[in-house]
Structures are given as C-alpha cells and as structure tokens.
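K.L.:
Prediction below, plus the sequence it came from.
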Amino acid sequence: MAQVAVNVAGKSYRIGCNDGEEAHLLALAETVDAKIAELRQTFGEIGDMRLHVMAALTFADETSEMRKRLDRLEAEIATLQQEGHARESQARSETEQLATALDAAAQRVETLTKKLK
C-alpha cells in the first residue's frame with residue numbers, strides 16, 4: 001500500500017492508497033483544495049470546518065446529479081436496446097416473409113415457364 005502526502009486548505013495529510021493510485025489521489029486532493037479555495041474566495045474566512053463541510057456538500061450534490069443523469073442515460077440505453085431488438089426481430093420477420101414471397105414467385109415463374117414450353 002502506498003502513502004501519499006496531500007495538501008488541502010494549507011494542511012498536509014498522509015493518505016494511504018493502492019499502489020498505482022497515487023497520481024489519482026493527488027488530483028482528487030487538488031480538486032478538493034481548489035473547491036475550498038473557491039468557497040473561501042466567495043464567502044470569506046468563515047472557518048475551515050464550515051468551508052470543508054460546504055465543499056463536501058457541493059461534491060455530494062454534484063455526485064447526486066451525476067447519478068441521476070447516469071440513471072436517465074442507462075434507462076435511455078435500455079430503451080434503445082429494446083427498440084433495436086424489436087426492430088431486428090421485425091426485420092428478420094420481414095426478410096423471412098420476403099424470402100417466402102420470392103420463393104413463391106420463383107415457383108410460379110417456373111410453373112409458367114413449363115406451361116409455355
């Protein structure tokens with residue numbers, strides 16, 4: 001297990017992560033630090049704890065919205081897949097009907113050809 005020192009709101013924290021995830025963890029910490037800095041600039045010095053809670057709530061809200069969007073997109077994908085399967089089934093059925101009609105027409109042509117000879 002790797003250890004990474006991240007800096008958030010001017011404080012250093014040692015965080016454990018899986019090997020190979022160090023860069024990702026550092027990027028996440030930078031995102032949190034940037035959000036806290038943005039909130040501090042907007043609201044001023046209202047206390048670190050309050051800024052951290054506000055940042056956490058902001059991320060939770062964004063995550064909630066992303067989950068809702070993901071759910072909508074997954075439902076849309078499922079609907080499109082069902083429609084695709086239905087169209088595929090319909091196309092197969094129509095192809096079979098056309099093949100049957102073509103066979104019948106070919107037999108009719110063959111019968112007429114024999115009668116003409």
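P.N.:
Structure received. Since we're looking at a predicted model, the values are computed, not measured.

K.L.:
how far out from the middle of the chain is the biggest helix by length in the chain?
P.N.:
Ranked by residue count under DSSP state H, the longest helix found in the chain is helix 48-116. Between the centre of helix 48-116 and the centre of its host chain there is 17 Å, according to CA atoms, centre = their mean, to the nearest Å.

K.L.:
which helices and strands does that helix pack with?
P.N.:
Applying 3 or more CB pairs under 8 Å, 6 or more residues apart in numbering; DSSP states H and E, one finds that helix 48-116 contacts helix 22-43. Every residue, glycine included, has its C-beta placed from N, CA and C.

K.L.:
Determine the angle, from 0 to 180 degrees, between the helix it packs on and helix 48-116.
P.N.:
Per axes from the mean of the first three to the mean of the last three CA atoms, to 10 degrees, the angle that helix 22-43 makes with helix 48-116 is 120 degrees.

K.L.:
send the alpha carbons of helix 22-43 over as CSV?
P.N.:
Coordinates of each C-alpha in helix 22-43 appear next as CSV, following Å, rounded to 0.1, in the frame of the first residue of the first chain:
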residue,chain,number,x,y,z
GLU,A,22,-1.0,8.0,-6.1
ALA,A,23,-1.4,10.4,-9.1
HIS,A,24,-5.2,10.0,-9.0
LEU,A,25,-5.3,10.7,-5.2
LEU,A,26,-3.2,13.8,-5.7
ALA,A,27,-5.5,15.0,-8.4
LEU,A,28,-8.5,14.5,-6.2
ALA,A,29,-6.9,16.4,-3.4
GLU,A,30,-6.1,19.2,-5.8
THR,A,31,-9.8,19.3,-6.8
VAL,A,32,-10.9,19.5,-3.1
ASP,A,33,-8.3,22.1,-2.4
ALA,A,34,-9.5,24.2,-5.4
LYS,A,35,-13.1,23.9,-4.3
ILE,A,36,-12.3,25.1,-0.7
ALA,A,37,-10.3,28.0,-2.1
GLU,A,38,-13.2,28.9,-4.4
LEU,A,39,-15.6,28.8,-1.5
ARG,A,40,-13.2,30.8,0.7
GLN,A,41,-13.0,33.5,-2.0
THR,A,42,-16.8,33.6,-2.3
PHE,A,43,-17.7,33.5,1.4
